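In: Sequence and predicted model, in that order:
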Amino acid sequence: MANIAENGRTWLLTGPTSSYALHLTEAHELLHLHWGPRIALADAEALAVRPLPGYWPFESPLDGREEYPVEGGPRFVRPALSVRTEERRGTEWAFEAYDTEGDELRLRFRDGGVAVTLHYRMRGDVVERWVTVGNGGDAPVELLRADAATWTLPDRDGWRLSQLHGRWAAESRLTSATLTYGDKIIGSRRGHTGHQHLPWVALDTGAGEEHGEVYGCALGWSGSWRIAVAQLPDARVQITGGAGYDDSGLLSLAPGESYTTPVFAGLWSDGGFGGASRAWHAYQRAYVIPDADRDRPVLFNSWEATNFDISEEQQATLARRAAAIGVELFVVDDGWFGARTGDRAGLGDWTPNPDRFPNGLKPLADYVHALGMQFGIWVEPEMVNPDSELYRAHPDWVQFQPGRERTEFRNQLVLNLAREDVRQYLWEQLDGLLSDAPVDYVKWDFNRCFTDAGWPGEPYPQRLWVDHVRGFYGLLDRLRAAHPGVAFESCSGGGGRIDLGVMSRTDQVWTSDNTDPLDRLVIQHGFSQIHPARVMAAWVTDSPNTQLNDRVSSLKFRFVSAMAGVLGVGGDLSEWTEEELAEAREWVELYKEIRPVVQRGDLHRLRPPEGGLSAVQYVLGDETVVLACLQAQRYGEPVPALRLRGLDSTASYECRETGEIHRGAVLLHHGLRTELRGDFDATVLRLRRI
């Protein structure tokens, strides 16, 4: 709930440890006042009476101080809103009113027939911001750019910018660098969130893992997007972000139409990067992730065991072995439908292959259920192969530019989900699929970027970029409502569609196609900066890792690495020895015991995966779990000590260890000292308060 000054022009939102304040001047200038430690309304009112600096040649007093800068007037910073009508471009708005509903604050402005509403909501210490632009006139209004928010940071010296970058199979790499003057832009122009950047940034001036102020922002949009971090000439810093990569046009609003941006969420923490991560995780578990209080099951996925060469009998054999090691969810991956014997045909024809599944999926699903497991399938609904019944019937349903060659990646094209007929077809196919067989889980993939994003015959074809994503969201929402018992995973070739928008509609995400346990430590470290273990799917696969790098690793190392999130198994169990299956069964049993702590506990990153020993710790109530991996060690070099966090220094703890750790390693927490001995490459340590 917002606190509002008596004059109705100063607003203060307050969370457990932080506050956010803004003020409207008599000249209808909406100014940012404060974002940081908790303050009182009287403090915000005192900030509001401070005068703006005077005009200087070539400078504006609004720049770096305005809450939501629009295009036009005395402004030179990057505009968050750029509007074009038949008469003019830009915005000269006037304040109309504010109102509140529940915990949401709305500030309403108008420029002729264009209505702009700024939305605010405080959830924990996370501020959610978004904007609605409506056309109340009698002529079309073109939205060239409509960002969700502009965040203004306090005056500081030496800002450092952290971000997550990468590529396919090497996602979520954390990097930090000193912020310099000008704009730093990250984003995606690919039609989906992308493997190259996660839509998150953090800024600090010297914070560590557990101390110092950190400002973070995360965008909830699963299409093309842009976040711009600008250090202005007077050293002020602003962060602007929203849907769309450039300013070529989002939508054309007909009279009576409106556009609501995605949420751009912001967080202040004085607990360092670890404290910020724990606050982000708690926010997502409480407000974003569906059914986050339900722990995700251990799954087996058939892809790396079979690739496209599958059959009902073969899948049943794998299912028996998976059930024997304690798997709870069995997933049939690509190759079960249409003429799908490779990646050249079948996408779009979502009916079981009659040669492979002569009686459909129901007999296998029933068999899997009889083994005590849930049943899941892989789909890629937004794609189509040219060699498919769907494409032969509807070649106009794909994105394409007339007169241009249609680009094929992975021998597939992108369906235009902005079209109502395409969405209706996919609804009928997927609803029928989930109704005809007892499916509990859907792995939703998206394996190529937009390239020929055209829409012949559409008066404003640029809207495809926004409306495809809104169509994807609407289809997922409709399927979840019709089949509430079905869980969904966002895949996209691994980490290609991970953001707060897709998180609000799926139960977990496929973090990366890279299942190498050593590489995964780095990927998972970056992922954890913003997203919780509760959604981070991780698999134990075969060694050597023939899918990627041929690296050899122990089964223990593979399990401990994957147990840091939602545990899955993806190896060819038909080739595992009885000894390996027995060991796997023990690790799966252990994971089920520690799962509530891992998936719902507070995360502490004890040591980053930069070589040597890396470790993460989870704390939930009286229980603590530590997962430690030793990557490499020189002879005679001691393993560095780990200092546990988040525990009660006055309490006693019972300690249990699974696996061994190199002689001399010591875990410390104030009076707690546990020495673990032996030779190891991974270990699990469990502590319970007594």
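Out: Sure, I can see it. Numbering: from 1, shown residues only.

In: Wait, Arg605 touches Gln524, no?
Out: No - judged on CB atoms under 8 Å, Arg605 makes no contact with Gln524 at a distance of 9.9 Å. For every residue, glycine as well, the C-beta is placed using N, CA and C.

In: between those two, which one's more packed in?
Out: More crowded of Arg605 and Gln524, by other CB atoms under 10 Å: Gln524, with 25 against 20.

In: What is the three-state secondary structure of the closest residue to the more buried one other than its chain neighbours?
Out: Distances taken as CB to CB, 6 or more residues apart in numbering put Ala564 closest to Gln524, at 5.5 Å, once the chain neighbours are dropped. Recorded secondary structure, Ala564: coil (DSSP: H, G, I helix; E, B strand; the rest coil).

In: Just the pLDDT for Ala564.
Out: Note on Ala564: pLDDT of 98.

In: Now for it: which residues touch it?
Out: Gln524, Ala533, Met536, Ala538, Val598, Val616, Leu627 (CB atoms under 8 Å, 6 or more residues apart in numbering).

In: Take the residues you listed and keep only those in strands.
Out: Taking DSSP state E, the ones among those that sit in strands are Met536, Ala538, Val616, Leu627.

In: CSV please, covering those and showing distance to Arg106 and pLDDT.
Out: CSV is the format used below for the ones in strands among the contacts of Ala564 (distance: CB to CB, whole Å; pLDDT from 0 to 100):
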residue, distance to Arg106, pLDDT
Met536, 35, 98
Ala538, 41, 98
Val616, 40, 97
Leu627, 44, 96
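
In: Out of these, which is nearest to His281?
Out: Distance to His281 across the ones in strands among the contacts of Ala564 (CB to CB) is lowest for Met536, with 10.5 Å.

In: Do I have it right that that closest one meets His525?
Out: No - using CB under 8 Å, Met536 makes no contact with His525, being 11.1 Å away.

In: quick one, which of the two is more surrounded?
Out: More crowded of Met536 and His525, by other CB under 10 Å: Met536, with 26 against 20.

In: Can you tell me, leaving aside adjacent residues, what's nearest to the more buried one?
Out: Nearest non-adjacent residue to Met536, counting by CB to CB, 6+ apart: Gly565, 3.3 Å away.

In: Leu253 now?
Out: Closest to Leu253 by CB to CB, 6+ apart is Asn135, at 4.0 Å.

In: do the same with Arg321
Out: That would be Leu573: by CB to CB, 6+ apart, it lies 4.0 Å from Arg321.

In: ok, the one you found - contacts?
Out: Contacts of Leu573 by CB under 8 Å, 6+ apart are Phe300, Ala305, Leu318, Arg321, Ala322, Ile325, Leu581.

In: Go through the protein and flag its longest helix.
Out: Secondary structure of the chain per DSSP state H: the longest helix is helix 578-600.

In: from the middle of its chain, how far away would that helix be?
Out: Offset of helix 578-600 from its chain centre (CA atoms, centre = their mean, to the nearest Å): 26 Å.

In: For that helix, C-alpha coordinates in PDB please.
Out: Extracted in PDB, the C-alpha atoms of helix 578-600 (Å, rounded to 0.1, in the frame of the first residue of the first chain):
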ATOM      1  CA  GLU A 578      24.100 -52.400 -12.000                       C
ATOM      2  CA  GLU A 579      26.600 -50.700  -9.800                       C
ATOM      3  CA  GLU A 580      25.800 -47.300 -11.500                       C
ATOM      4  CA  LEU A 581      22.100 -47.900 -11.200                       C
ATOM      5  CA  ALA A 582      22.500 -48.800  -7.500                       C
ATOM      6  CA  GLU A 583      24.600 -45.600  -6.800                       C
ATOM      7  CA  ALA A 584      22.100 -43.500  -8.800                       C
ATOM      8  CA  ARG A 585      19.300 -44.900  -6.600                       C
ATOM      9  CA  GLU A 586      21.100 -43.800  -3.500                       C
ATOM     10  CA  TRP A 587      21.700 -40.300  -4.900                       C
ATOM     11  CA  VAL A 588      18.000 -39.900  -5.900                       C
ATOM     12  CA  GLU A 589      16.900 -41.000  -2.500                       C
ATOM     13  CA  LEU A 590      19.200 -38.500  -0.900                       C
ATOM     14  CA  TYR A 591      17.900 -35.700  -3.200                       C
ATOM     15  CA  LYS A 592      14.300 -36.400  -2.200                       C
ATOM     16  CA  GLU A 593      15.400 -36.000   1.500                       C
ATOM     17  CA  ILE A 594      17.100 -32.600   0.900                       C
ATOM     18  CA  ARG A 595      14.800 -31.400  -1.900                       C
ATOM     19  CA  PRO A 596      12.600 -29.100   0.300                       C
ATOM     20  CA  VAL A 597      15.700 -27.300   1.500                       C
ATOM     21  CA  VAL A 598      17.200 -27.000  -2.000                       C
ATOM     22  CA  GLN A 599      14.100 -25.900  -3.800                       C
ATOM     23  CA  ARG A 600      12.600 -23.700  -1.100                       C
END
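
In: who's in contact with that helix?
Out: With CB under 8 Å, 6+ apart, helix 578-600 has contacts from 285, 292-293, 295-296, 298, 321, 324-327, 532-534, 540, 555-556, 559, 563-567, 569, 573, 576, 618-620, 623-625, 658, 684, 686.

In: one more time with 7 Å
Out: 285, 295-296, 298, 321, 324-327, 533-534, 555, 559, 563-564, 566-567, 618, 620, 623, 625, 658, 684, 686 (CB atoms under 7 Å, 6 or more residues apart in numbering).

In: And for stretch 68-83?
Out: The contact list for stretch 68-83, computed with CB under 7 Å, 6+ apart, reads 30, 60, 62-64, 90-93, 114, 116, 118, 141, 143-147, 150, 183, 228, 230, 232, 238, 240, 247.

In: average pLDDT for that stretch?
Out: Across stretch 68-83, pLDDT averages out at 94.

In: Report the buried residues of it.
Out: 68-72, 75, 77-83 (16 or more other CB atoms under 10 Å).

In: So what are the sheet partners of the strand or helix carrying His604 and their directions?
Out: Element membership for His604 (DSSP states H and E) is strand 602-607. Counting by DSSP bridges, the strands paired with strand 602-607 are strand 613-620 (antiparallel).

In: How far away from the center of its chain is the partner strand?
Out: Remark: strand 613-620 is offset 21 Å from the chain centroid, using CA atoms, centre = their mean.

In: what's the angle between that strand and helix 578-600?
Out: 60 degrees (axes from the mean of the first three to the mean of the last three CA atoms, to 10 degrees).

In: Now Arg320, what are its backbone angles?
Out: Here is the backbone geometry of Arg320 (degrees, to the nearest 10): phi -60, psi -40.

In: Now do it against Ala370, distance only.
Out: To Ala370, Arg320 is 11 Å away according to CB to CB, to the nearest Å.

In: the more surrounded of these two?
Out: Shown here are Arg320 and Ala370; by other CB under 10 Å, Arg320 has more neighbours (14 against 10).

In: Excluding residues flanking it in the chain, which one is nearest the more buried one?
Out: Excluding the flanking residues, the one nearest Arg320 by CB to CB, 6+ apart is Leu371, at 6.6 Å.

In: ok, which stretches of the stretch 451-600 of the chain are helices?
Out: Ranges of helices within the stretch 451-600 of the chain are 464-482, 500-503, 517-527, 555-562, 578-600, based on DSSP state H, counting those that start in this stretch.

In: Could you do the stretch 301-450 of the chain as well?
Out: Taking DSSP H, counting those that start in this stretch, the helices of the stretch 301-450 of the chain run over residues 303-306, 312-324, 362-370, 389-393, 420-436.

In: Return the most buried member of the ones you listed.
Out: Greatest average neighbour count among the helices of the stretch 301-450 of the chain goes to helix 303-306 (a mean of 20), per mean count of other CB atoms under 10 Å.
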